[in-house]
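> Sequence first, predicted coordinates after that:
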Amino acid sequence: MTDSALGTRHIPTQGSEPELVQLLTPEGQRVEHPTYSLQISDDELRGLYRDLVLVRRVDAEATALQRQGELGIWASLLGQEAAQVGSGRAMAEDDYAFPTYREHGVAWCRGIDPLNLLGLFRGVNHGGWDPDEKNFHLYTIVIGAQTLHATGYAMGMQKDGAESAVIAYFGDGATSQGDVNEAFIYASVFNAPVVFFCQNNQWAISEPIEKQTRIPLYQRAMGFGFPGVRVDGNDVLAVLAVTRAALQKAREGSGPTLIEAYTYRMGAHTTSDDPTRYRLTHELESWKLKDPIERVKAYLVRTGKADQAYFDALEREADGLAAHVRRGCLEMPDPDPLSIFDHVYAERHPLLEEEREQFAAYLETFDAVDAHDAGDR
Amino acid sequence: MTDSALGTRHIPTQGSEPELVQLLTPEGQRVEHPTYSLQISDDELRGLYRDLVLVRRVDAEATALQRQGELGIWASLLGQEAAQVGSGRAMAEDDYAFPTYREHGVAWCRGIDPLNLLGLFRGVNHGGWDPDEKNFHLYTIVIGAQTLHATGYAMGMQKDGAESAVIAYFGDGATSQGDVNEAFIYASVFNAPVVFFCQNNQWAISEPIEKQTRIPLYQRAMGFGFPGVRVDGNDVLAVLAVTRAALQKAREGSGPTLIEAYTYRMGAHTTSDDPTRYRLTHELESWKLKDPIERVKAYLVRTGKADQAYFDALEREADGLAAHVRRGCLEMPDPDPLSIFDHVYAERHPLLEEEREQFAAYLETFDAVDAHDAGDR
Amino acid sequence: MATVTLAKAVTMGLRAAMEADPKVLVMGEDVGKLGGVFRVTDGLQKDFGEDRVIDTPLAESGIIGTAIGLALRGYRPVCEIQFDGFVYPAFDQIVSQLAKMRARALGKVSLPVVVRIPVGGGIGAVEHHSESNEAYFAHTAGLRVVACSNPVDAYFMTQQAIASDDPVILYEPKRRYWEKADLDESLTLEQAAPLHSARVLRSGTDATVIAYGPMVKTAMEAATAAAEEGKELEVIDLRSLSPLDTGTLEASARKTGRVVVVHEAPGFLGMGSELAARITETCFFSLEAPVLRVTGFDTPYPPSRLEEEYLPDLDRLLDAVDRSLAY
Amino acid sequence: MATVTLAKAVTMGLRAAMEADPKVLVMGEDVGKLGGVFRVTDGLQKDFGEDRVIDTPLAESGIIGTAIGLALRGYRPVCEIQFDGFVYPAFDQIVSQLAKMRARALGKVSLPVVVRIPVGGGIGAVEHHSESNEAYFAHTAGLRVVACSNPVDAYFMTQQAIASDDPVILYEPKRRYWEKADLDESLTLEQAAPLHSARVLRSGTDATVIAYGPMVKTAMEAATAAAEEGKELEVIDLRSLSPLDTGTLEASARKTGRVVVVHEAPGFLGMGSELAARITETCFFSLEAPVLRVTGFDTPYPPSRLEEEYLPDLDRLLDAVDRSLAY
Ligand SMILES: Cc1ncc(C[n+]2csc(CCOP(=O)(O)OP(=O)(O)O)c2C)c(N)n1
Ligand SMILES: Cc1ncc(C[n+]2csc(CCOP(=O)(O)OP(=O)(O)O)c2C)c(N)n1
Ligand SMILES: [Mg+2]
Ligand SMILES: [Mg+2]
């Protein structure tokens, strides 16, 4: 792939929407794209569909768990399944992903048990998995910070001579942070093998995209000297093709790419949010017609690549997964109070040891009181 | 002026240097530019030449004063006179400038007595002028921070309905700071009347421009949705024309522009720096041929717009100005020790009052000792 | 007289300031239509327009940096930082610019910028949403740092902070946002206690408890509990973290001879350190016990299921009081 | 055995660490050909290549943020912040990421990143080049903060900081960069004092002076001067600001009963506050006088013509010692 293939550098033109890479229309029609062709087996296609359905189901279950008080908060990926599954499945095993707090679909593709994602939202930990096990970093909540970590990690891969690449995930709002722009600069200057994957879901909590930029976001890359491309973020095939190409380019030493996955946050920002305060339902309705799952289903059905038995089986699988998530969440033990002091430092730290000791002794006074009370009864 | 006039959006092409707006060649030939024409009287032209000569002389005097131990450090503008005088003279009275630490030429154009600039470098203050008197903000040392102040100030002008604009000065190195990129975003999103004036002097201390960007800097603006233009920073006429146009555009409500003044830092970064450690003299030699003053002189001489008497008088004026700077510098009193506590807060602050009182009492014990010692003699 | 929550009292304070002075602006992330994630700016954009209630790009350095520029132009921006843990990207603009510019300019410019920060834990939130970072700013010369603990103070301190010609960091105890009190709006700013005064909330003789922000309520509860055991605690709401109202603090320390400071922030170099050092220095011969500190642990704020453990509570506070009394 | 400056000793420490471990990187602004503005990285790029000695773009958040990523990949980056006052743009990356990531990951990642900061005043520099901001980082859980005061410590502490699996902020006293001492390079790291130990530099009985970084020299001079007047000061070089070597400090406080802390940073919530609070808490009955603090004033660092006034010196320190002895 040549540089110009990914480098669709549009001059912003007021009014007209820029072109969007698309391989599967909202109606489920397979279309060709001059640059991003995709050969995909029926098995793979069904696999993508399965991913989409399962991550949506996990998300729904987590939202339900939050409503029932089992999670403190949940950041739903509803509507962004294709952006996440398409990019997640584009990665090779040795590639590395740096997510925000919403990349449940990417986590799934990397092989992270969805249960592990819940710990943070339940408040039992700040991230419950070993990042190096699946090359999937912990969720980062401070907007944009992870893009620099991703870039540094990619610089490290480059130094190692590894043939792999990094994906940095972030939202449309994040593009305003200094850190993200610095990441663009470091990546560009060091030609780091990193793909900047921006899910433009049109909103940063209550702020529409116009509060962050006055031109299409993918064009930001131009100013830093690397290609930017806008892809239909609700089209899993297009996202897969575009991300694959960008990752391959990165691995081959051609440097960073910015991918803007044009999508929509169908739900609230998080379960704490109330979008009725700031956005109109007709926008939501129009995006419903572009649902990332429906279009794949329509395609599968029309082409006969999947039959009812397949869909039924998948439904049962989804039920099972949801049950696993629910059960695991309810069973998740609260952490030990003294674990507050664990893992802060790798090496000994006398102040923390002292505080831990004092706190343990303090907690024991309650145990003593409890025991005493129990004895009284 | 239309948007596209300033919006020269080049697609970066490896190898070939992008076009540079130029109105006066290094050889002193007046050339026309399709977009940036400039009508200028002979008086104005001589005025610009005078500015260039005088600011260079002030700069030389300050460098000498530093060598003699009268200043702690000095940041020379040598080589950047045209970028500063051209842009400084493009400003209207109500416009406002936010400088770095090197904008001595802009200060001059704004009517700041050069002596006032020396206080900071001598260590008697952190900035010796009232910013609002000449609409010239204090020097900012933290790289890039002032670009956000400039943008906020411009947002304020906009709210006031003022027909004026702001110039934010910064260097090539500064373009890597998060703050500068955030300033681009705020300016673009709020369509603030601010001109970003980047003096690309090719170096950020020891780091060549390649450490900050892999494409020409003026193209950064594209990614933020506003025009960028590269001007010959050693051509005072071109800088004047381009900056005037950008300021006018800003005043008229067309938002920000990035101007890259392509120039060269002929001296060390500051008097503390040793550029022989990191750059080759042949680069310097090639830039000497593009001197910003020589070309105006050649033009004046060849066209007969100035005669020897004019140059002689200017020489004497420069001598006078240098003497004024030198005398003023030597006479600059050290600040009162107790002034450490002044101006930190606008309103009463008991801790500082306490510290001030204690320190005054402490200082008095020395006076007492001194008096006692004196009495002994 | 109306019964209002602390959050609502801040809104009312903002509204009063905006009505009184057209130069007052509100800016931050989601402060417009949404009214902020805590609804503190609810309704303001509707009434004062997008020109005065500004949804900014998602960039905190930009919020403070442009607020500085606006202040230089004569405006009085009130910046909202969405959560305590998101102020750090603006740290340079706050400590190197906002705090220092007036001194840099030899007093020729003033920066009447208020930075509102919902602070502290106890709301079951995820990482970065429960931090207490007041020590960073209180250590920074050029800033004023205040913390309200109740609706009435919230109402007045908001207005006083905005009226100040100095930059003020205003901490709002987020887990007390929904606490209510009666607020008499007819009171004027002049009738309110000075911004930088501490307040003796409860007078006592056995020991002094100094608290601020969210911990004031805990301190008062501890005093009630202690009273049942016959111990009379004097409770001081610090209100101003920088500068300190040393007069009030020292008078109390001299009276009771025992001082316990409580805050959510980690203890090491927390406000308690300064209070202990200062009070010990000036009241050395009056103290019967060292000033004790009851604080968050010197660890990152834990996952929310452990925050009850992490946060000082009534028991830990009373335990410290007992230790103090045992000297 | 060679006589080396403190700056050179850091260079030698960096070199030794880079030779011992190919994963050690040096990164920052102007660290390459220029060798840094203080020449501390002089010659390293020539010998270890541009791949290991990296001139970064002019963006401090980017320096720390990419260093974190490199550390996650298995590297051990040593980041140079050019001057103390330029660390703030990286504040978020340092306090929210570098400090907290290990706890966030339940110990599954380590971030062995060193942040070298030339610190403090006394070199006649312009604004932002003379600050002492150690309290910000010492208050931040998850970081380790150390300060060297002499060439031998500089050599070893640099290597120890790099060897630590925790993030370490390493302060280098810039006005002591040119101070010389004999350094025996044949000594191994194991023979050096532990990184987090304080050191009694001079034993005395009348009062303890605690200093660190640039102030250690001043403290020693004060002790010499005091001795001429018959007062025997014990001088402690703190070395580790977080965690504190409380054993050494408390032993001395108990012995002398009088403690004076001296540092350049503003006093309010400076290291002196924590030292005073802590020592008073644990040595209450041994203290004959309150712990006194001799510090920079609570103002922005002044223009350099006033820095001699601003910085604690021998006279102000001795004055405080006298006040302590007068209790
Ligand atoms: C530095 C910082 N500032 C503010 C926040 C609060 N916050 C959390 S999510 C969010 C909006 C993010 O929008 P976007 O980047 O578009 O991502 P999305 O949530 O839409 O996926 C904000 C402001 C934060 N987490 N970090
Ligand atoms: C935030 C910050 N980091 C580092 C420095 C130290 N420093 C001063 S000038 C400079 C280089 C600036 O280069 P450039 O922006 O190109 O401006 P120039 O000096 O060339 O005019 C550096 C790194 C600083 N002043 N501020
Ligand atoms: Mg979004
Ligand atoms: Mg430069």
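Received the coordinates, thanks. This is a predicted model, so every value here is computed, not measured. Ligands and ions are numbered 1, 2, ... in the order given.
> Of all residues in chain A, which one is nearest the centre?
A:Glu103 (1.9 Å; Cα atoms, centre = their mean).
> That residue against A:Gln84, yeah?
Yes - A:Glu103 lies in contact with A:Gln84 (Cβ atoms under 8 Å); the separation is 6.0 Å. Using the backbone N, CA and C atoms, a C-beta is placed for each residue, glycine as well.
> joint contacts of these two?
Among the neighbours of A:Glu103, those also in contact with A:Gln84 (Cβ atoms under 8 Å, 6 or more residues apart in numbering or on different chains) are A:Leu77.
> Neighbours of C:Gly230, how many?
7 (other Cβ atoms under 10 Å in any protein chain shown).
> Look up how far C:Ser252 lies from it.
20 Å (Cβ to Cβ, to the nearest Å).
> Quick check: A:Leu48 is in a strand.
No - counting by DSSP: H, G, I helix; E, B strand; the rest coil, A:Leu48 is located in no strand; its state is helix.
> mind listing what it touches?
A:Leu48 makes contacts with A:85-86, A:89, A:236-237, A:240, A:296, as judged by Cβ under 8 Å, 6+ apart.
> Please parse chain A into its domains.
A:3-331, A:340-376 (automatic domain parsing).
> Mean neighbour count, those: which tops it?
Across these, averaging neighbours per residue (mean count of other Cβ atoms under 10 Å in any protein chain shown) puts domain A:3-331 on top, at a mean of 21.
> gap between that domain and the chain center?
5 Å (Cα atoms, centre = their mean, to the nearest Å).
> now the residue of chain C found nearest ligand 3, nearest residue through space, not along the chain?
As assessed by Cβ to the ion, ligand 3 sits closest to C:Leu58 within chain C, at 9.0 Å. Excluding the flanking residues, the one nearest C:Leu58 by Cβ to Cβ, 6 or more residues apart in numbering or on different chains is A:Gly173, at 4.0 Å.
> likewise C:Glu29?
C:Gln82 (5.2 Å).
> That neighbour touches C:Val31, doesn't it?
No - taking Cβ under 8 Å as the definition, C:Gln82 is not a contact partner of C:Val31, at 9.0 Å.
> The two: which is more packed in?
C:Val31 (28 against 23).
> And what about the more buried one, helix, strand or coil?
Secondary structure for C:Val31, judged by three-state DSSP, is coil.
> ok, now which ones touch it?
C:41, C:44-45, C:53-55, C:80.
> Inside strands: which ones of the residues you listed?
Mapping the contacts of C:Val31 onto strands (DSSP state E) picks out C:53-55, C:80.
> is stretch C:257-276 anywhere near chain A?
Yes - counting by Cβ under 8 Å from any Cβ of the partner chain, chain A is contacted by stretch C:257-276 at C:Phe268.
> Figure out the length between the terminal residues of that stretch.
End-to-end span of stretch C:257-276 (Cα to Cα, to the nearest Å): 13 Å.
> Then stretch A:214-231?
Rule used - Cα to Cα; the end-to-end distance of stretch A:214-231 is 18 Å.
> Which residues of chain A lie near ligand 1?
Neighbours of ligand 1 within chain A, by Cβ under 6 Å from any ligand atom: A:102, A:141-143, A:171-174, A:201, A:203-205, A:265, A:269.
> can we see that at 5 Å?
Residues of chain A lying near ligand 1 by Cβ under 5 Å from any ligand atom: A:102, A:142-143, A:171-174, A:201, A:204-205.
> Grab the nearest non-local neighbour of the closest residue to ligand 1 within chain C.
Using Cβ to the nearest ligand atom, C:Phe86 is the residue of chain C that sits closest to ligand 1, at 3.7 Å. Excluding its sequence neighbours, the residue lying closest to C:Phe86 (Cβ to Cβ, 6+ apart) is C:Glu60, at 6.0 Å.
> Is the one you found in contact with C:Ala90, as I believe?
Yes - counting by Cβ under 8 Å, C:Glu60 does reach C:Ala90; the two are 4.0 Å apart.
> hey, what's in contact with both of those two?
Joint contacts of C:Glu60 and C:Ala90 (Cβ under 8 Å, 6+ apart) are C:Ile81.
> okay but C:Ala207 is in contact with C:Asp322, surely?
No - if you go by Cβ under 8 Å, C:Ala207 and C:Asp322 don't touch, sitting 9.5 Å apart.
> who has more neighbours, these two?
Taking neighbours as other Cβ under 10 Å, C:Ala207 and C:Asp322 compare with C:Ala207 leading, 27 against 14.
> contacting residues around the closest residue to that one other than its chain neighbours?
Spatial nearest neighbour of C:Ala207, excluding adjacent residues (Cβ to Cβ, 6+ apart): C:Arg258 at 3.8 Å. C:Arg258 sits next to C:206-208, C:287-289, C:321, C:324-325, C:327 when contact means Cβ under 8 Å, 6+ apart.
> Those residues, buried ones only, as a ChimeraX selection?
In ChimeraX, this line selects whichever of the contacts of C:Arg258 come out buried by 16 or more other Cβ atoms under 10 Å in any protein chain shown:
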select /C:206,207,208,287,289,321,324
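> so, if you compare the contacts of C:Arg258, which one comes nearest to D:Ala276?
C:Leu287 (12.8 Å; Cβ to Cβ).
> Compute the distance between the closest residue to the closest one other than its chain neighbours and ligand 4, please.
Nearest residue to C:Leu287, sequence neighbours excluded (Cβ to Cβ, 6+ apart): C:Gly257, at 5.8 Å. Separation of C:Gly257 from ligand 4 (Cβ to the ion, to the nearest Å): 61 Å.
> per-residue pLDDT, C:Gly257?
With respect to pLDDT, C:Gly257 has a value of 98.
> How many residues are close by it?
C:Gly257 has 19 nearby residues by other Cβ under 10 Å.
> residues in contact with it?
Taking Cβ under 8 Å, 6+ apart, we find C:Gly257 in contact with C:207, C:286-289.
> residues in contact with the residue of the stretch 1-150 of chain A found nearest ligand 2?
Residue nearest to ligand 2 within the stretch 1-150 of chain A: A:Leu148 (15.9 Å; Cβ to the nearest ligand atom). Contacts for A:Leu148 (Cβ under 8 Å, 6+ apart) come out as A:179, A:182-183, A:186, D:61-62, D:64-66, D:68-69, D:93.
> C-terminal to the helix or strand hosting it, what's the next element?
Using DSSP states H and E, A:Leu148 maps to helix A:145-160. Next along the chain after helix A:145-160, taking DSSP H and E as the criterion, comes strand A:166-171.
> Residues of the stretch 101-250 of chain A that sit close to chain D?
Residues of the stretch 101-250 of chain A lying near chain D (Cβ under 8 Å from any Cβ): A:125-132, A:137-138, A:140, A:142, A:145, A:147-157, A:159-160, A:178-179, A:182-183, A:185-186, A:189.
> With the stretch 1-150 of chain C instead?
So the stretch 1-150 of chain C meets chain D at C:61, C:85, C:88-89, C:91-92, C:95-96, C:99-100, C:103-104, C:127-128, C:135-136, C:138-139, C:141-142 (Cβ under 8 Å from any Cβ).
> Quick one: classify the residue lying closest to C:Glu232 once chain neighbours are set aside as helix, strand or coil.
Distance criterion Cβ to Cβ, 6+ apart; nearest residue to C:Glu232, sequence neighbours excluded, is C:Gly204 at 3.8 Å. The local conformation at C:Gly204, judged by three-state DSSP, is coil.
> C:Gly204 is in contact with C:Ala223, isn't it?
Yes - with contact defined as Cβ under 8 Å, C:Gly204 reaches C:Ala223; the gap is 6.8 Å.
> Now do the residue in the stretch 201-327 of chain C positioned nearest to chain B against chain D, distance only.
Residue of the stretch 201-327 of chain C nearest chain B, by Cβ to the nearest Cβ: C:Pro243 (4.8 Å). Shown here: C:Pro243 relative to chain D, a distance of 8 Å by Cβ to the nearest Cβ, to the nearest Å.
> Kindly list the main-chain dihedrals of A:Asn200?
For A:Asn200, the backbone dihedrals are phi -80, psi 90 (criterion: degrees, to the nearest 10).
> What is the burial count for the closest residue to A:Val142 other than its chain neighbours?
Once flanking residues are discounted, A:Val142 sits nearest to D:Ser96: 5.1 Å by Cβ to Cβ, 6+ apart. Other residues within reach of D:Ser96, judged by other Cβ under 10 Å, total 25.
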